[in-house]
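> Build me a model from this:
(2 chains)
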There are 2 protein chains.
Amino acid sequence: MYRIELFDYSINFGTLPKITHDGKVLIISNPKISGLHMQKLLKNIQAREIYICTIDDGEEYKTMASVESILQSAFNHKLDRKSLFIAFGGGVIGDIVGFSAGIFMRGIPFIQIPTTLLSQVDSSIGGKVGINNNYGKNLIGLFNQPKEVFIDESFLKTLPSREFNSGFAEIIKMAVCFDKEFFLQLHKYDDKNLLDTIKMAVRIKAKIVKEDEKENGIRAALNYGHTFAHAIELETNYKKLLHGEAVSIGMVMANSLALKLNLISNEESQNIKNLLEAFNLPTTYKINNINNFKSLMLLDKKSQNNKIKFVLPKGIGSFALNDDVSDLILDEVLREFA
Amino acid sequence: MYRIELFDYSINFGTLPKITHDGKVLIISNPKISGLHMQKLLKNIQAREIYICTIDDGEEYKTMASVESILQSAFNHKLDRKSLFIAFGGGVIGDIVGFSAGIFMRGIPFIQIPTTLLSQVDSSIGGKVGINNNYGKNLIGLFNQPKEVFIDESFLKTLPSREFNSGFAEIIKMAVCFDKEFFLQLHKYDDKNLLDTIKMAVRIKAKIVKEDEKENGIRAALNYGHTFAHAIELETNYKKLLHGEAVSIGMVMANSLALKLNLISNEESQNIKNLLEAFNLPTTYKINNINNFKSLMLLDKKSQNNKIKFVLPKGIGSFALNDDVSDLILDEVLREFA
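Take a look at the predicted model:
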């Protein structure tokens, strides 16, 4: 089994192996993944007692209410400090479960078994967990590393193609900021390369996280496209677009800013847009109200003292952070999308 | 200024010094402490912007709802990752604020300024933070160390004597488990020794916490009396007794068990009881329903696989952990209080 080591745990690739735990296990999943794949998971777990708890899927359920329902289930079944949570689903499940495990009895271990491309290449890796609230995305949370991650690409066979493509937005994000060769390879992507592509993306992400777990520096670059995307998701109430789709648009917006600041060329900007579109990702958006959109961007966790910190590509394969963009230039960019 | 170092921060004793912070500060307090002492605190803080948020006092407010109201206030005033929370109050305030700071934007720093004896000698030290829920005390929480602790005994002048005495329960707890000489000194306690007594208790606690931050071993001994106390507090809905009072009764119950297991002598047990009573702490209690009481004890975080882990004194100045007490003996102990 191919492994990538991160801190004191492994990210394991390939067919899900046996998981044994000397204590109680609570699996948290969503109704759809439970129906499709719970049988396979249960067959692979050996534990003192196993419980299953399902949470409705979608960003709008990444809330404190869902956390409380997981904790309720854990208390009802008398889980204790020797117990284990397993997150079995996409990014929403992984984020809520990692947060719940971090605060249940001051922290118990959890395992990530991501079942979407987006969570396999990005959200299950690196220990950022948390929930959304009225003020924005992931504003309440923890850095809480899992005990182990299992990436079994066979779960992706049942993934709707729109969700599959959404995962590619995060893969492209990593290539643009960190690895030009990977970016070029993605132009020749073919389903046969799926597992290798996932491994490559995880390798990049794990390297960044290892260098900067708490996001004091380089890890911020993983938010390329995200400051814009979070505002888009808030404006559309998380309802119209998948996360990766919003990130795709956000990258195009960031590119427009990078272009004005002479960080990338017109051709590079066009290349990124073409690659996004090759994966059927959206690259246009109509902003409702520019001032409102800016105030939503300010809610981003990277903002400090009322300044938005932008992550921008610097050519292909590198990036720049800029928290000193003039209102004039930002307005110009946003007007292109209004 | 006298200091005790713990991990990478200081516990400072004496008159509250100037606190400066290059960012926004949110002070969280309760209405009473705000009225009595906020002026003094505000005079001592220099920050970019200062906000105050009050939470009603009492264990029944140590809930997720209070956490959400603190976070709401932080988001409303656009606090960011460079901001600071200050906990200004007793143990309830310290616990909620430490938890809120730990999950706000995945963690920002917080300062503890405890204003009760109990929080000065115990709860503000060591980074255990969290909230209660229907299932029990502190069942949701984190290990989250503060950035700094300031212990100014002048705040205790306005403390009602019942609350003051309640703090002594925790001081006696530490003496019984860890320091026979300190136990003997406490018999000669006089108000002139207050600051020295606080320092001694904090020194003991800091030493234990440094050795075992995450409570994998010795730190559990700080829970002497607490497994019984938590059940008492649940049975009385946190309403009849102060925490230290419940702990006082819990220690007497633990002593009765220790006596039956030949861990302490009758005389030692009586000495502890006398010392508690010298500080006007309660030592008797009437259990409503023994089976119910036992199931409440099982909700303790130390319980694993349906076994209660007891912390028991071993003579004076030492302790024993025991998770193999027979139901027969436990029933005998509880019947003494029924």
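
> What residues does the stretch 151-300 of chain A have near chain B?
Proximity of the stretch 151-300 of chain A to chain B, by CB under 8 Å from any CB of the partner chain, involves residues A:L298. No exception for glycine: its C-beta is placed from N, CA and C like everyone else's.

> Once you drop chain neighbours, what's closest to the closest residue to chain B within the stretch 151-300 of chain A?
At 7.6 Å from chain B, A:L298 is the closest residue in the stretch 151-300 of chain A, using CB to the nearest CB. Nearest non-adjacent residue to A:L298, counting by CB to CB, 6 or more residues apart in numbering or on different chains: A:I308, 5.9 Å away.

> List phi and psi for A:K301.
phi -60, psi -30 (degrees, to the nearest 10).

> show me what contacts the nearest residue to it once chain neighbours are set aside?
Spatial nearest neighbour of A:K301, chain neighbours left out: B:M105 (4.8 Å); criterion: CB to CB, 6+ apart. The contact partners of B:M105, by CB atoms under 8 Å, 6 or more residues apart in numbering or on different chains, come to A:L139, A:I140, A:G141, A:K301, B:D80, B:R81.

> Got the phi and psi for the third one?
Going back to what we said before, that points to A:G141. Main-chain dihedrals, A:G141, degrees, to the nearest 10: phi 180, psi -170.

> For it, grab the count of nearby residues.
25 (other CB atoms under 10 Å in any protein chain shown).

> about what we covered before: so how far is A:N322 from the residue nearest to A:K301?
Using CB to CB, to the nearest Å, one gets 21 Å for the distance from B:M105 to A:N322.

> repeat for A:L186
Applying CB to CB to A:L186 and A:N322 gives a distance of 26 Å.

> Give me the more crowded residue out of the two.
A:L186 (22 against 15).

> Just to check, that one is in contact with A:L276?
No. In this structure, A:L186 is not within contact of A:L276 by CB atoms under 8 Å, at 10.3 Å.

> Helix or strand: which one has A:T283?
Using DSSP states H and E, A:T283 maps to neither a helix nor a strand.

> Give the closest residue to it in space, chain neighbours not counted.
Using CB to CB, 6+ apart, the nearest residue to A:T283 is A:V252, at 4.7 Å.

> Could the C-alpha coordinates of the helix or strand hosting A:K207 be exported in PDB?
Here A:K207 is covered by helix A:194-211, with elements defined by DSSP H and E. What follows is helix A:194-211, C-alpha atoms only, in PDB (Å, rounded to 0.1, in the frame of the first residue of the first chain):
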ATOM      1  CA  LEU A 194      -6.600   9.300 -11.600                       C
ATOM      2  CA  LEU A 195      -4.800   7.700  -8.700                       C
ATOM      3  CA  ASP A 196      -1.500   9.200  -9.700                       C
ATOM      4  CA  THR A 197      -3.100  12.600 -10.000                       C
ATOM      5  CA  ILE A 198      -4.500  12.300  -6.500                       C
ATOM      6  CA  LYS A 199      -1.200  11.100  -5.100                       C
ATOM      7  CA  MET A 200       0.600  14.100  -6.700                       C
ATOM      8  CA  ALA A 201      -1.900  16.600  -5.300                       C
ATOM      9  CA  VAL A 202      -1.700  15.000  -1.800                       C
ATOM     10  CA  ARG A 203       2.100  15.000  -2.000                       C
ATOM     11  CA  ILE A 204       2.000  18.800  -2.700                       C
ATOM     12  CA  LYS A 205      -0.500  19.500   0.100                       C
ATOM     13  CA  ALA A 206       1.300  17.300   2.700                       C
ATOM     14  CA  LYS A 207       4.600  19.000   1.900                       C
ATOM     15  CA  ILE A 208       3.100  22.500   2.500                       C
ATOM     16  CA  VAL A 209       1.200  21.400   5.600                       C
ATOM     17  CA  LYS A 210       4.400  19.900   7.100                       C
ATOM     18  CA  GLU A 211       6.200  23.100   6.600                       C
END
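
> Which SSE is immediately downstream of it?
helix A:226-235.

> Run the chain-centre distance for that next one.
Chain-centre distance of helix A:226-235: 14 Å, with CA atoms, centre = their mean, to the nearest Å.

> same thing with stretch A:328-337?
When distances are taken as CA atoms, centre = their mean, stretch A:328-337 is centred 27 Å away from the chain's centroid.

> For it, list every residue counted as buried.
Residues A:L330, A:V333, A:L334, A:F337 are the ones in stretch A:328-337 that count as buried (16 or more other CB atoms under 10 Å in any protein chain shown).

> Kindly report the same for stretch A:306-315.
So stretch A:306-315, judged by 16+ other CB under 10 Å, has buried residues A:I308, A:K309, A:F310, A:V311, A:L312, A:P313, A:K314.

> picking up where we left off before, quick check, nearest of the buried residues of stretch A:328-337 to chain B?
Closest to chain B, out of all of the buried residues of stretch A:328-337 and judged by CB to the nearest CB, is A:L330, at 18.2 Å.

> Kindly indicate whether that closest one is helix, strand or coil.
At A:L330 the chain is in helix, as set by DSSP: H, G, I helix; E, B strand; the rest coil.

> Would you mind measuring from it to A:T236?
A:L330 is 20 Å from A:T236, by CB to CB.

> A:D190 now?
32 Å.

> Next, give phi and psi for A:D212.
Dihedral angles (degrees, to the nearest 10) for A:D212: phi -150, psi 70.

> Please apply the same query to A:F104.
Torsion angles, degrees, to the nearest 10, at A:F104: phi -70, psi 120.

> what's the pLDDT at it?
If you check A:F104, the pLDDT there is 98.

> Pairing partners for it in the sheet, please.
For A:F104, the beta-bridge partners under DSSP bridges are B:I140.

> Was I right to think it contacts A:A74?
Yes. Under the criterion of CB under 8 Å, A:F104 makes contact with A:A74 at 5.7 Å.

> For these two, list the residues in contact with both.
A:F85.

> Give me the spatial nearest neighbour of the residue nearest to the spatial centre of chain A, chain neighbours excluded.
For chain A, the residue nearest the mean C-alpha position is A:S123 (3.3 Å; CA atoms, centre = their mean). Nearest non-adjacent residue to A:S123, counting by CB to CB, 6+ apart: A:G91, 3.7 Å away.

> tell me which residues in stretch A:191-203 are buried?
Buried positions in stretch A:191-203, judged by neighbour count with 16+ other CB under 10 Å: A:L195, A:T197, A:I198, A:K199, A:M200, A:A201, A:V202.

> go on, stretch A:277-287?
Across stretch A:277-287, burial judged by 16+ other CB under 10 Å covers A:F279, A:L281, A:P282, A:T283, A:Y285, A:I287.

> Considering those residues, which is situated nearest to A:A221?
A:L281 (19.7 Å; CB to CB).

> for the closest one, phi and psi?
Main-chain dihedrals, A:L281, degrees, to the nearest 10: phi -90, psi 140.

> State the pLDDT value of the residue nearest to it when sequence neighbours are not counted.
Closest residue to A:L281 apart from its sequence neighbours, by CB to CB, 6+ apart: A:S248 at 3.8 Å. Here the pLDDT value assigned to A:S248 is 98.

> Is it correct that A:S248 falls within a helix?
Yes. Under three-state DSSP, A:S248 sits within a helix.

> What segments of the stretch 51-200 of chain A are helices?
A:64-76, A:91-103, A:117-118, A:161-178, A:180-186, A:194-211 (DSSP state H, counting those that start in this stretch).

> What distance do you get for the spatially closest residue to A:I316 that is not a sequence neighbour to A:N255?
Excluding the flanking residues, the one nearest A:I316 by CB to CB, 6+ apart is A:K180, at 4.8 Å. Computed as CB to CB, the A:K180 to A:N255 distance reads 15 Å.
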